[in-house]
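>>> Only the shape, not the letters, is given here:
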Ligand SMILES: Nc1nc2c(c(=O)[nH]1)N[C@H]1C(S)=C(S)[C@@H](COP(=O)(O)OP(=O)(O)OC[C@H]3O[C@@H](n4cnc5c(N)ncnc54)[C@H](O)[C@@H]3O)O[C@H]1N2
Ligand code: MOO
């Protein structure tokens, strides 16, 4: 810290807040600690009686917190993210440019946060976010930070930004609803509207819904018919449990795609099935997706439509955090459900 004449202070960084009091009008901070003095500030500083200022020792090996924060932004802000233009006290926040899936490199984030004097705090990976939602905040802690350190961060992490928002693909989704009770009109279908509502949540349209009885060949034909009609995803509802007459998994197998997983360590959602026929995801949804507010579907569907090709390990990883607490007021995705990945 050094005392200098205010008239010579341009470019220097204040070590303390400067208060302004105007009787009956204002009492507050005129300039904050950490502010870098500009030409136009000199007159104001003199007008509050500051002929001298306490500033940081000018040292070319140091970088101001706001300038350093811009480097953090550079290494973090990937596709689909933006700032609101504000940098305050070394802090910058990132927002979603469009609705999509929040993606981030958790390993490199850990590495970055292992460095002293800087912090990057984010929301969870794979959170579905709306345009304009906050994604992350980053901050440089001291008023001035070692310049060399920041340049090294830029070099080490600047190759690929850590945080991005993956846009959703406009899938054409065909629904196949199985079950004799629905097919023969013994009960009214209440599954279709739930799925259509969930598709709408992601701006997707349903190509239509067809019905099949508990017969593997007929379910297989119904799935294939959607693929023939150009569906880019097929969702089957019902018949996913282990009862002998629950034949949907057998029907999906007959389509001949790759079964990624039958079963998921998620409650509700234990009987979920995911397969791919070439590029086309075929999903088998258990009954819980119809009646439970949030299930395995809500954890995996955003990732599928954001273009992730899921593997068995992705499903197995869901176990940590895969227990929905069924709260009376559901706050998903702002809760622990699905946050272990
Ligand atoms: N031995 C085991 N049995 C079950 C297990 C298990 O792990 N071991 N898991 C249970 C869980 S968890 C679920 S979830 C269900 C999976 O159910 P399914 O997908 O097989 O559903 P269904 O048996 O076809 O139907 C259940 C229930 O929902 C009604 N339903 C189905 N589709 C419709 C529709 N489109 N509209 C209206 N209602 C529908 C159906 O009539 C049944 O009442 O398995 C457990 N069993
Ligand atoms: O799988 Mo059930 O699918 O847990 O509710």
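Looks like it came in fine. Values in this document were obtained by computation on a predicted structure and should not be read as measured data. Ligands and ions are numbered 1, 2, ... in the order given.
>>> got the contact list for the residue nearest in space to the middle of the chain?
The centroid of the chain falls nearest to residue 102 when counting by Cα atoms, centre = their mean (2.3 Å). Counting by Cβ atoms under 8 Å, 6 or more residues apart in numbering, residue 102 touches 96, 122-129, 135, 163-165. All C-beta spots, glycine's among them, are computed from the backbone N, C-alpha and C.
>>> Quick check: buried residues in stretch 332-340?
332, 333, 337, 338, 339 (16 or more other Cβ atoms under 10 Å).
>>> can you tell me which two in those residues are farthest apart?
Distance extremes for the buried residues of stretch 332-340: the farthest pair is 332 and 339 at 10.2 Å, using Cβ to Cβ.
>>> got the phi/psi numbers for residue 158?
phi -80, psi 0 (degrees, to the nearest 10).
>>> Just the element for the closest residue to it other than its chain neighbours, please.
Among residues not flanking residue 158 along the chain, residue 75 sits closest, at 5.2 Å (Cβ to Cβ, 6 or more residues apart in numbering). Using DSSP states H and E, residue 75 sits within helix 65-76.
>>> after that helix comes which helix or strand?
strand 81-82.
>>> other SSEs contacting that next one?
Where contact means 3 or more Cβ pairs under 8 Å, 6 or more residues apart in numbering; DSSP states H and E, strand 81-82 is packed against strand 91-96, strand 163-166.
>>> Show me the one of the ones you listed that comes nearest residue 289.
Comparing the helices and strands packed on strand 81-82 by their distance to residue 289 (Cβ to Cβ), the top pick is strand 163-166, with 22.9 Å.
>>> So what are the sheet partners of the helix or strand following the closest one and their directions?
Scanning forward in sequence from strand 163-166 by DSSP H and E, the next helix or strand is strand 172-178. Strand 172-178 pairs in its sheet with strand 205-212 (parallel), strand 233-237 (parallel), by DSSP bridges.
>>> In JSON lines: these, plus mean pLDDT.
Formatted as JSON lines, the strands paired with strand 172-178 follow (pLDDT from 0 to 100):
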{"stretch": "strand 205-212", "mean pLDDT": "95"}
{"stretch": "strand 233-237", "mean pLDDT": "98"}
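>>> Determine the three-state secondary structure at residue 54.
Following DSSP: H, G, I helix; E, B strand; the rest coil, residue 54 is assigned to strand.
>>> my read: residue 254 touches residue 221, true?
No. Counting by Cβ atoms under 8 Å, residue 221 is not a contact partner of residue 254; they are 9.4 Å apart.
>>> still on that earlier bit, could you say which of the strands paired with strand 172-178 is packed most deeply?
Most buried of the strands paired with strand 172-178 by mean neighbour count (mean count of other Cβ atoms under 10 Å) is strand 233-237; its value is a mean of 27.
>>> Tell me the helix or strand right after it.
Next along from strand 233-237, by DSSP H and E: helix 248-255.
>>> my guess is residue 4 contacts residue 12, does it?
Yes. Counting by Cβ under 8 Å, residue 12 is a contact partner of residue 4 at 6.6 Å.
>>> Which one's more surrounded, these two?
residue 12 (19 against 15; other Cβ atoms under 10 Å).
>>> Name the nearest residue to the more buried one, sequence neighbours excluded.
That would be residue 55: by Cβ to Cβ, 6+ apart, it lies 3.8 Å from residue 12.
>>> For that neighbour, give me its contacts.
Counted by Cβ under 8 Å, 6+ apart, residue 55 has contacts 1, 2, 4, 9, 12, 13, 14, 15, 37.
>>> Name the nearest of these relative to ligand 2.
residue 13 (57.6 Å; Cβ to the nearest ligand atom).
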